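Asks: Based on what follows, work out the 3D shape:
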Amino acid sequence: MNIDIMTLFPEYVDMILSESIIGRARNNGRLSIKTYNIRDWSEDKHRRVDDAPYGGGKGMLMAAPPIYRCHEAIKKIRGYAESSKVKTIYMSPKGEKFTQKSASSLANEEGIIILCGHYEGVDERIIEEIVDLEISIGDFVLTGGELPACIVADCVGRLCDGVLSDPECFEKESFSVSDGLLEYPQYTRPYEFHGKTVPEELVSGHHGNIEKWRREKALEITLQRRPDLVKKNPSGN
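Replies: Here you go, the predicted structure:
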């Protein structure tokens, strides 16, 4: 899968996405993640990409032309045709909430292009021109779209073929299972730690009892921490 990120801070994004599982997937060719400095497509001699907003107000706004030229360059570099399954995403607190379901849908695309805003955001016309989807990672505001973009890239990337060693690694995680419950508690060696032992069901070797215990604990944790998830999925009761 191709993930392309348009940003003013490519080194920052690359640093985050060059580590651990995603970093290994990039190195072994399972994922192709590229970053692009929007300033490289500025025609200003000082490489400026922002200007004051019409109508007044504090702060600066990212201008449309450099972003558009950067986006066109990415499509050319990747060789995308008009029919290619590619989504352009703008990270924005005004966007729809990013969920595991969103990630699963995006993982089926040929590629995604992510635009990271900065300052007071971007000219609305570039959103209308190139953006397919505005995404928010929560009800809060950050200094830029780089961290949210990394979150989306990580979440989507790990769902792609060959990135994780076994699909079961994500199939039974919180928000991933069909009933939408949070994940059950997990344990490893040693059997006893600070006087606390592993639940007997998990060491019984009885697969039916293990699954029953996991299901009950998943429901219990979900009811305690995210009862809204149970209301959305009545089958979880």
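Asks: C-alpha only now, for contacts and for neighbours.
Replies: OK.
Asks: What segments of this protein are helices?
Replies: Applying DSSP state H to the chain gives helices spanning 10-16, 20-27, 64-78, 100-106, 124-130, 146-157, 168-171, 200-203, 207-225, 227-232.
Asks: Let me have these in a markdown table, extended by distance to residue 34 and mean neighbour count.
Replies: Output for the helices of the chain, formatted as a markdown table (distance: least, C-alpha to C-alpha, whole Å; neighbours: other C-alpha atoms under 10 Å):
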| stretch | distance to residue 34 | mean neighbour count |
| --- | --- | --- |
| helix 10-16 | 8 | 15 |
| helix 20-27 | 10 | 17 |
| helix 64-78 | 9 | 17 |
| helix 100-106 | 17 | 16 |
| helix 124-130 | 18 | 14 |
| helix 146-157 | 11 | 22 |
| helix 168-171 | 24 | 12 |
| helix 200-203 | 43 | 14 |
| helix 207-225 | 37 | 15 |
| helix 227-232 | 35 | 14 |
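Asks: Please identify which of these is closest to residue 184.
Replies: helix 207-225 (4.4 Å; C-alpha to C-alpha).
Asks: who's in contact with the spatially most central residue of the chain?
Replies: For the chain, residue 152 is the residue whose C-alpha lies nearest the centre (C-alpha atoms, centre = their mean; 1.3 Å). By C-alpha atoms under 8 Å, 6 or more residues apart in numbering, residue 152 lies in contact with residue 103.
Asks: Which pLDDT value belongs to the residue of the chain most remote from its centre?
Replies: Here the centre of the chain is the reference, and by C-alpha atoms, centre = their mean the most remote residue is residue 195, at 38.5 Å. Looking at residue 195, its pLDDT stands at 96.
Asks: Kindly report the same for residue 236.
Replies: 54.
Asks: and if you look at residue 176?
Replies: Reported pLDDT for residue 176: 54.
Asks: Which helix or strand in this structure has the lowest average pLDDT?
Replies: Lowest by mean pLDDT, DSSP states H and E among the helices and strands of the chain is helix 168-171, with a mean of 58.
Asks: for residue 191, what are its contacts?
Replies: Here residue 191 is in contact with 197-198 (C-alpha under 8 Å, 6+ apart).
Asks: Would you confirm that residue 39 contacts residue 46?
Replies: No - contact between residue 39 and residue 46 fails when scored by C-alpha atoms under 8 Å: they sit 9.2 Å apart.
Asks: Neighbour count: the two, which is higher?
Replies: Comparing residue 39 with residue 46 by neighbour count (other C-alpha atoms under 10 Å), the higher total belongs to residue 39, at 20 against 8.
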